[in-house]
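Visitor: quick one: sequence and predicted model below, then my questions.
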Amino acid sequence: MKQVYIETMGCQMNKSDTERMLGMLAHFNYVETKEPHEADLLMINTCSIRQLSEDKAFSAIGLWGKWKKHKPDLKIGFCGCVAQQKAEGILKRCPYVDFVLGTHTIYRLPDIIKRINQGERVCECEETHKTEADKEKDYEIKRVKSVNAWIPITEGCNNFCTYCIVPYTRGRERSREPEIIIKEAQDALNQGFKEITLLGQNVDSYGKDFKDKSYRLAQLLRDLNALEGNFRIRFVTSYPTDITDELIDTVVELDKVCEYFHIPMQSGSTPVLKAMNRRYDRETYAAIVKKVRDRVKDVTITSDFIAGFPGETEEQFVETLTAIDEFELDYSNTAAYSPREKTVAAKWVDKYIPEDVKTKRLARLNEQVRINCLKSNQKFIGREMEVLIEGFENHKGQNVITGRTRNNKIVHIPCDKDLTGEFVNVKITGAKTWYVNGELLNAEYDKISTSTAAAN
Ligand code: SF4
């Protein structure tokens, strides 16, 4: 057996690709190690969403390159979004790298392993020469042990938001066949996973590229909901204007689909949204959020925002803060604008916001998110909710189990027994900024619940 270490950066899509690559490598007798020093094959699965992540990737791989002096048989692979973007340039820049593998071509990995073992240096990023190796084969997926299995349903994006690198690194939008997704979900359930999260840059456009235009996300959810067993289904990410009435009704109708939507707004200002090439204005976004809230009881709606987009004025930035508050967004991911090569906005150098202004805006944005998150959590104090337990730890001397409600609230519960993977009923007793506290209600757990005191 040989050992492989994969450093995974960035989003859940990369984590999912890593699980697939580990499955392919298992065919070549590679087992995963968490210790890079022990590995015969080192791989980095990179993210290019911000310059900082790209810089980190090159710095990590530079260190690995030095190890080759003492371990000449060591192989090094550079994968993911930066690989897709820079391709051959990486082989030139980093002479110690044995292969570069893009996001469109991960199924060529078995072929690449054979070639590098014969001494070749390989770059496989081009989709243009489709080969047999590009086909998704029935490789086992080496999933990270957890209660939640991530399953990509779409890959790539057609939207070309002016700040975003994804259409260049992940390509045009492609939907995966429903049969493959359903099989992966069934396999994950058979392995004991309790939650399936469908993944894509824009899951709501699932099926737009199929011949049969009637098979969309709502139908996929129905087919998954029909699988046997007690489990949950989630889906991320939704593009605001692609959320259909049928999808909202389906979430309400299906018992396993959770009351949770992640709907990135990016800015609260209509002119900034236009400059970002988002296909909605502030009012349209507000109407979508209202529609979802009116129909889906207890729904949690989360979002993403960028601070300091080129040309953003102070007034326009304040509109982002008011949007978070006015639309009662439960939580938001935030980032300062980071120019990315090839994107339209990166060329607007004369409109760049100074770094110190961006930093201050990001801090104000984070403070608004914090305020809203706490308000959102406080709404659930006193409620009884179902929680899927995800972990067990000793927190400041007290044993605590942690899980999520259907609407994605993180709950900390004092309990001496590890109930990971179990569904429990919990009364919410208190709210913190990023989580709520609860106490177990299930009679069978009475003896193991240590106290009803707050878990923090
Ligand atoms: S919709 Fe999302 S992934 Fe697609 S270009 Fe816009 S920000 Fe990027």
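Guide: Alright, I've got the coordinates.

Visitor: wait, a helix at Asn159?
Guide: No - using DSSP: H, G, I helix; E, B strand; the rest coil, the assignment for Asn159 is coil, not a helix.

Visitor: does it touch Thr237 like I think?
Guide: No - counting by Cβ atoms under 8 Å, Thr237 is not a contact partner of Asn159; they are 11.3 Å apart. In this view, the C-beta of every residue, glycine as well, is placed from N, C-alpha and C.

Visitor: quick one, which of these two is more surrounded?
Guide: Thr237 (21 against 16; other Cβ atoms under 10 Å).

Visitor: does the more buried one touch Tyr206 like I think?
Guide: No - look at Thr237 against Tyr206 with Cβ under 8 Å: they stay out of range, at 11.7 Å.

Visitor: anything in contact with each of these two?
Guide: By Cβ atoms under 8 Å, 6 or more residues apart in numbering, Thr237 and Tyr206 have these common neighbours: Gly200.

Visitor: tell me the contacts of the residue nearest to the spatial centre of the chain?
Guide: For the chain, the residue nearest the mean C-alpha position is Gln12 (3.3 Å; Cα atoms, centre = their mean). Taking Cβ under 8 Å, 6+ apart as the criterion, Gln12 is in contact with 150, 197, 199, 236.

Visitor: likewise for Glu54?
Guide: 46-48, 82.

Visitor: identify the contacts common to Asn159 and Thr237.
Guide: Counting by Cβ under 8 Å, 6+ apart, the residues touching both Asn159 and Thr237 are Asn202.

Visitor: the strands in the stretch 1-150 of the chain, which residues?
Guide: Along the stretch 1-150 of the chain, counting by DSSP state E, counting those that start in this stretch, strands occupy 2-8, 30-32, 41-46, 75-80, 99-101, 122-124, 148-152.

Visitor: interface residues of the stretch 201-350 of the chain facing the ligand?
Guide: Counting by Cβ under 6 Å from any ligand atom, the residues of the stretch 201-350 of the chain close to the ligand are 201-202, 239.

Visitor: could you give the mean pLDDT of stretch 398-417?
Guide: Summarised as a single mean, pLDDT over stretch 398-417 is 96.

Visitor: filter the contacts of Gln12 down to the ones in strands?
Guide: 150, 197, 199, 236 (DSSP state E).

Visitor: check the spacing between the third one and the ligand real quick.
Guide: For Leu199, the distance to the ligand (Cβ to the nearest ligand atom, to the nearest Å) stands at 12 Å.

Visitor: residues in contact with that residue?
Guide: Contacts of Leu199 (Cβ under 8 Å, 6+ apart): 12-13, 16, 150-153, 235-236.

Visitor: go ahead and confirm Val400 touches Pro414.
Guide: Yes - counting by Cβ under 8 Å, Pro414 is a contact partner of Val400 at 5.9 Å.

Visitor: from the contacts of Leu199, pick the one nearest the ligand.
Guide: When the contacts of Leu199 are ranked by distance to the ligand (Cβ to the nearest ligand atom), Met13 comes first, at 10.0 Å.

Visitor: surely the closest one and Ile151 touch.
Guide: No - the criterion here is Cβ under 8 Å, and Met13 misses it with Ile151 at 11.0 Å.

Visitor: how far away from the center of its chain is the lowest-mean-pLDDT helix or strand in the chain?
Guide: In the chain, the helix or strand scored least confidently by mean pLDDT, DSSP states H and E is helix 166-169, which has a mean of 90. Computed by Cα atoms, centre = their mean, to the nearest Å, the chain-centroid distance of helix 166-169 equals 16 Å.

Visitor: and it, which residues are buried?
Guide: 166-169 (16 or more other Cβ atoms under 10 Å).

Visitor: in CSV, list those residues along with distance to Thr343.
Guide: Below are the buried residues of helix 166-169 laid out as CSV (distance: Cβ to Cβ, whole Å):
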residue, distance to Thr343
Val166, 10
Pro167, 9
Tyr168, 8
Thr169, 11
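
Visitor: now, which of those residues lie close to the ligand?
Guide: 166-167.

Visitor: and the helices in the chain?
Guide: 12-26, 51-67, 81-86, 88-93, 109-117, 166-169, 178-190, 217-225, 245-253, 270-275, 282-295, 314-326, 355-378 (DSSP state H).

Visitor: from the ligand, how far out is the nearest residue to Gln84 once chain neighbours are set aside?
Guide: Here the nearest residue to Gln84 in space, its sequence neighbours aside, is Gly102; by Cβ to Cβ, 6 or more residues apart in numbering that works out to 3.8 Å. For Gly102, the distance to the ligand equals 17 Å [Cβ to the nearest ligand atom].

Visitor: equivalent analysis for Val296, please.
Guide: Counting by Cβ to the nearest ligand atom - Val296 and the ligand are separated by 22 Å.

Visitor: that residue is in contact with Val252, isn't it?
Guide: Yes - contact criterion Cβ under 8 Å: Val296 and Val252 qualify, at 5.8 Å.

Visitor: please identify which of those two sits among more neighbours.
Guide: More crowded of Val296 and Val252, by other Cβ under 10 Å: Val296, with 20 against 12.

Visitor: which helices and strands does the longest strand along the chain pack with?
Guide: Secondary structure of the chain per DSSP E: the longest strand is strand 384-395. Applying 3 or more Cβ pairs under 8 Å, 6 or more residues apart in numbering; DSSP states H and E, we find strand 384-395 packed against strand 398-405, strand 410-414, strand 423-431.

Visitor: looking at those, which is buried most?
Guide: Mean neighbours per residue, mean count of other Cβ atoms under 10 Å, is largest over the helices and strands packed on strand 384-395 for strand 410-414, with a mean of 23.

Visitor: neighbouring strands for it, and are they parallel or not?
Guide: strand 398-405 (antiparallel), strand 436-440 (parallel) (DSSP bridges).

Visitor: can you put the ones you listed in JSON lines and add distance to the ligand?
Guide: Output for the strands paired with strand 410-414, formatted as JSON lines (distance: least, Cβ to the nearest ligand atom, whole Å):
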{"stretch": "strand 398-405", "distance to the ligand": "24"}
{"stretch": "strand 436-440", "distance to the ligand": "30"}
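
Visitor: mind giving me the domain split of the protein?
Guide: 2-134, 148-378, 384-445 (automatic domain parsing).

Visitor: roughly how far is the longest one from the heart of the chain?
Guide: Averaging C-alpha positions (Cα atoms, centre = their mean) puts domain 148-378 10 Å from its chain's average.

Visitor: my guess is Glu32 meets Lys2, correct?
Guide: No - Glu32 is not in contact with Lys2 according to Cβ under 8 Å; the separation is 10.8 Å.

Visitor: one step back: turn the ones in strands among the contacts of Gln12 into a markdown table, columns for pLDDT and distance to Phe305.
Guide: Listed next are the ones in strands among the contacts of Gln12 as a markdown table, based on pLDDT from 0 to 100; distance: Cβ to Cβ, whole Å:
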| residue | pLDDT | distance to Phe305 |
| --- | --- | --- |
| Trp150 | 94 | 23 |
| Thr197 | 97 | 22 |
| Leu199 | 96 | 21 |
| Val236 | 96 | 16 |
